[in-house]
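Peer 1: Got a sequence here, can you model it:
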Amino acid sequence: MSEAKSNVPKFGSFRPKITFPSGPRDDEQPERGASSHSRKKRVTPDREDTKHRHRHYHRHRRSKSRNTDRSRHESKIAIPQPEHQAELPGGSDIFIIDRVGDEKNLVYGSIHRYNIPLFYRAGAGNVLGKSSSVKIDRDYGDDKGIVLSNWRDSNGARREKYAFSKIVKEKPRRLRIRAGAAGEAFDFSKYDFVYLDDQGGRKRKRDHGDTGDSPSSDDETNYRSIHSKIKGTDQPVDGALQYVTESDASASEDRQGTISSSSVRRKNIVLSRRVEQHPEDIDSWLALIELQDGLLRAPDDRHRTTNAEMRSTAEVKIHMYDKALKQAVSLVDRERILVGLMQEGCKIWEKRVLVNRWEEISKENIDSLILWKSYLNFRKTTLSSFRFEETRDIFLGRIKLLSTSMVNASPDAISSMYQQIIYVLLRATIFLRESGFHELAIAIWQGLMELNFCGPKRDMPEKDKLTLLGDFWESEVPRVGEDGSQGFADFIKNSGASEAPPSLIDEVEGAVDNGNLFNGWARAERSRLIASSLPARTMDEVVEDDPFRVVLFSDITDFLISFPEGKNLHKSLFDAFLVFCRMPSSTALSDSESPTDAFTHGQLLEWNPKIILEKYNIPSIHGIDAPEIEPIVVPHSLLSNFATSHDTLFSSTSWFQRIDIWDDHYSSNHQPVSYKWFRNVLGQITKSFFRAYLAEFHLAFEWRNEPATIKKVAKGLLKQHPRSLRLYNAYGLIESAQGNRGITDGIFSAALGMATSASKNDDHSSIILWQSWVWTCLEESDDANALRLILSIPDGAVSKPTTTSSVALLKAKQHLCSSRDFLISSGELRHAIVYAELLALLEYLTANSSQETQSVVQGDITSAMGSFTNFSKTISDCGHLTSISHELLLQSAARLLYRHAQIGPFRPALLREHFSLFLTLFPRNTIFLSLYTWNESRLRIDNRVRNILQSTVLAPNHDTVSSRVSAIQYEISHGTKYSVRSAFEHALTSQACSASASLWRMYLLYVLTIPQFRSQAKDIWYRALRACPWVKELYILGFEELGELVSFQELKRTWRVMGEKELRVHVDLEERFENIEDVVEEARKSKSLAFR
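Peer 2: Alright, predicted model coming up:
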């Protein structure tokens, strides 16, 4: 009898229940869905029915309905026990041996993911069987495997956790508007709102109604529906957009790359034709050479240049440089070409070829200081070829070459050569001190000061001057800076009757402890450095084995140059001496005059390490929110770099100060020169060679470091030079900074009273008196008295307090404008900007434009800044855009802006607008950068500061050490320890600061402070020594701080490098090395005998 046909409909998705025989055949393989674990483990029916009911109840809430159904059917299958299981001894069924496996694993390449049981890792990333230093790196793992890494490895620095790190790794996908989406019209006229979603979809949804019967009414399929679950779409949520396919995206990229490549090639053709038709056009040559790197990257900007491509491109560029060099006529063009040529030559030439080529360039271009500096920097920073004696001979050869060339040179060329000699002397003495020859460097400056500032007034041949100076030196009488010094002129006047000082005894630390050999050596070496702060005399009791303690006159003769009067040569020499002593220049110098390169701008190299660590000890490093920055606090820059003026030399705490307190940076163990010696030098040369700039700097230094005796020093100078208005101005500012308002008014009033009988040159100083007096009133918030003083300028005397009239205002404006315009037309920019500043202050105190919100105590900042801006444009139109006078004018404008923000409400956008403009014109000025940072830090918008740093301040043509220190200081205050490390790395890989010993020292101290970076200190120390092999301080710092991170053999080899490079070493360790080796050898022999 046949079975009745079933009336149950058949569906494509219906699968009948699977039944298996009681046992598998030998030739059958296990099903794909069953692993060894699932075959071994049986599921009881009761428990499975409960799970089935639970899944069925919540099936409409889950998205994996198909997998749930399959698991429900498979769970009721009675899976037989495989025949190829081996029974373990003792009847244990814990382990299963499967000798056949699943062939589907080979087909699909992995185990069936649903048959892998869930498990959880334990042990915080440790792996059983591996060392404790090896852990699972969760940053690199995926679903198919794990990555192990050694967290103790110093080379593999841990990366900072980033919440969106996986998203960043994904390749971004482009979007485009869906075809027809823009053309779909929808009538919004009958609605009082506008849909922001896809209008077409909304319209269709309304047409179907909001019932649940429509397929689009629910995002998910109803659990009673026969339709399967809607598959996830690979398109954006916004229906008006769609993703660009890979083929379209690649075609677009190819099209853009083709356009970019064709534009670069077209430009290359144009420049090639240009240099063929006009070979004398050096700018076109340089543009064509620079374009070669673009041609290499033109097909694909993401292409990574190989070493072979880099060398071939360098060869092409060298060939172009050689062709352009034949067409160069002026020295400036030759400098631009030769510097670029040697930069490319470093990539492919051998060291010997580079050295020979640099020597030829230096001799052929005697007038070029830039080329000589490049050659010197190359020799100093090349570890393999650096030697102290050879580098010192480069300095001496340059001085002799310039001295010989001045015999037949023109007057203008002679002045330029003297300026070059001053720079060479500065670089040479800094190099000597950093290499350990401290006494020789001090002796050279003593000889220069005696010869040019303390020498005889009468004219005599230079050869005779040097002979007399030799007699003065060998007599061993007190020299400049030493107690009891009377000077070279007094020695000649008294025919050498002066007496030598009593002999001195060097007080040095005792023997070095063998237990901590290199750390003890560093302490002993610093003790010797303190004792050798000044050159010894033949009668002094010094260390017998140190031949460099006593400096003879023959040791310094080649460095001594007598500079003629005039052309500011003595002022330049004094400023070079200040830079040698790590002090700011006495007067405002332009960028071309002020030495700010990495080899001279290294104040932080001698700073006390404890003070530097205090600068790092801010809350942001330790993960605590930084405190709010108050607007009344002057933003402090770790390294200042701005134009020097009397308002910064004698500034109170409300503005930037050019001279810092000595003890705030230095100590007896860490200082560039002796504090007592430097103070004596200032007093002695001011007395013997009085100049206003010398006296001003002497008073400023005394006021900052010895405020108790400043009145005595100031009155003594005024008594000797009662007609110097600049001395009165300095003394008045000092009394104002100390809060003595009555004394300040009396000093300025008396000085202006005698200004009418002064000479013409002092007439200009009288306007400086008015300017200083006005600012002292503004700092006391006495705007009425400040306005009265400005209105009194046309009369030359202070008027009585009266009501301000329009006539007086008009008279003052006309006087200030006419004087300003006359001075700028006659080239007196320094005094013209003072009149312009006073005119802006008059506008600030009297105008009322009402464009900015202001309180009762505030003035009209809009009118004042408009006056500054107008005169700034006038200066620019006259060709003085980057002059030092223009920078001083903008510093005055910044001072007024900051004062305005201190006393009342202000709009941050106004400050941002002006400070960003100032930074564009003078990106190295730390006043502008500090104020810009202060303004933006108040708003907690950090990206603006970083953007202006990268785009303007740290641009390659503006990059300097002070700017890099400011960027690092900003990251310390507002960033993380990783951003600070990145700022250091960017600074020390830049061309301008890669050889900055002070930055390397800061970096090493920083990584030693941060526990996460401490393991990297050894590598950074070695990098620092390779970049600055002549700096002894870097060697000593490593021996002091890295004893536990560097092995004894490595320290010994590094110590011997100092001897190979011919640096000055006071305490020799070779005998101790031999004794240690003997002890080790004896121990090894005794151990060998005991073993036998």
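Peer 1: Which stretches in the stretch 451-600 of the chain count as helices?
Peer 2: All helices of the stretch 451-600 of the chain, identified by DSSP state H, counting those that start in this stretch, fall at 462-474, 488-493, 517-531, 553-556, 569-580.
Peer 1: Residue 956 is in contact with residue 991, correct?
Peer 2: Yes. Using C-beta atoms under 8 Å, residue 991 is in contact with residue 956, at 6.6 Å. All C-beta atoms are positioned from the backbone trio N, CA, C, and that covers glycine.
Peer 1: before we move on, back to that, closest to residue 374 out of the helices of the stretch 451-600 of the chain?
Peer 2: Proximity to residue 374 (C-beta to C-beta) singles out helix 569-580 among the helices of the stretch 451-600 of the chain, at 20.2 Å.
Peer 1: Mind giving me the packing neighbours of that closest one?
Peer 2: Here helix 569-580 touches helix 411-434, helix 438-452, helix 692-705, going by 3 or more C-beta pairs under 8 Å, 6 or more residues apart in numbering; DSSP states H and E.
Peer 1: hmm, try it at 7 Å
Peer 2: Here helix 569-580 touches helix 411-434, helix 438-452, going by 3 or more C-beta pairs under 7 Å, 6 or more residues apart in numbering; DSSP states H and E.
Peer 1: how far off helix 517-531 does the last one point, in degrees?
Peer 2: Orientation check (axes from the mean of the first three to the mean of the last three C-alpha atoms, to 10 degrees): helix 438-452 against helix 517-531 gives 20 degrees.
Peer 1: ok, how many other residues are close to residue 810?
Peer 2: Other residues near residue 810 come to 10 when the count uses other C-beta atoms under 10 Å.
Peer 1: what does the one 4 residues further on give?
Peer 2: Neighbouring residues of residue 814 were enumerated by other C-beta under 10 Å; the total is 11.
Peer 1: cool, and the one 5 residues further on?
Peer 2: Neighbours of residue 819 under the rule other C-beta under 10 Å: 21.
Peer 1: In this structure residue 824 contacts residue 833, no?
Peer 2: No. With contact defined as C-beta atoms under 7 Å, residue 824 does not count as touching residue 833 (8.7 Å).
Peer 1: And the strands in this protein, which stretches?
Peer 2: For the chain, applying DSSP state E gives strands covering 134-136, 148-150, 175-177, 241-243.
Peer 1: Mean neighbour count, mean pLDDT and distance to residue 306 added to those strands, as CSV?
Peer 2: As requested, the strands of the chain are exported to CSV (neighbours: other C-beta atoms under 10 Å; pLDDT from 0 to 100; distance: least, C-beta to C-beta, whole Å):
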stretch, mean neighbour count, mean pLDDT, distance to residue 306
strand 134-136, 18, 82, 34
strand 148-150, 14, 79, 28
strand 175-177, 13, 72, 35
strand 241-243, 15, 76, 34
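Peer 1: so which of those gets nearest residue 385?
Peer 2: Nearest to residue 385 among those is strand 148-150; the distance by C-beta to C-beta comes to 37.0 Å.
Peer 1: Next, name the residue at the spatial heart of this protein.
Peer 2: residue 964 (2.3 Å; C-alpha atoms, centre = their mean).
Peer 1: Identify the residue nearest that residue in space, chain neighbours excluded?
Peer 2: residue 987 (4.0 Å; C-beta to C-beta, 6 or more residues apart in numbering).
Peer 1: Please report how far that neighbour lies from residue 854.
Peer 2: 41 Å (C-beta to C-beta, to the nearest Å).
Peer 1: cool, and residue 894?
Peer 2: Applying C-beta to C-beta to residue 894 and residue 854 gives a distance of 18 Å.
Peer 1: try residue 655
Peer 2: Residue 655 sits 21 Å away from residue 854, going by C-beta to C-beta.
Peer 1: got it, and residue 975?
Peer 2: Using C-beta to C-beta, we find residue 975 at a distance of 35 Å from residue 854.
Peer 1: Who has more neighbours out of residue 824 and residue 833?
Peer 2: residue 833 (29 against 21).
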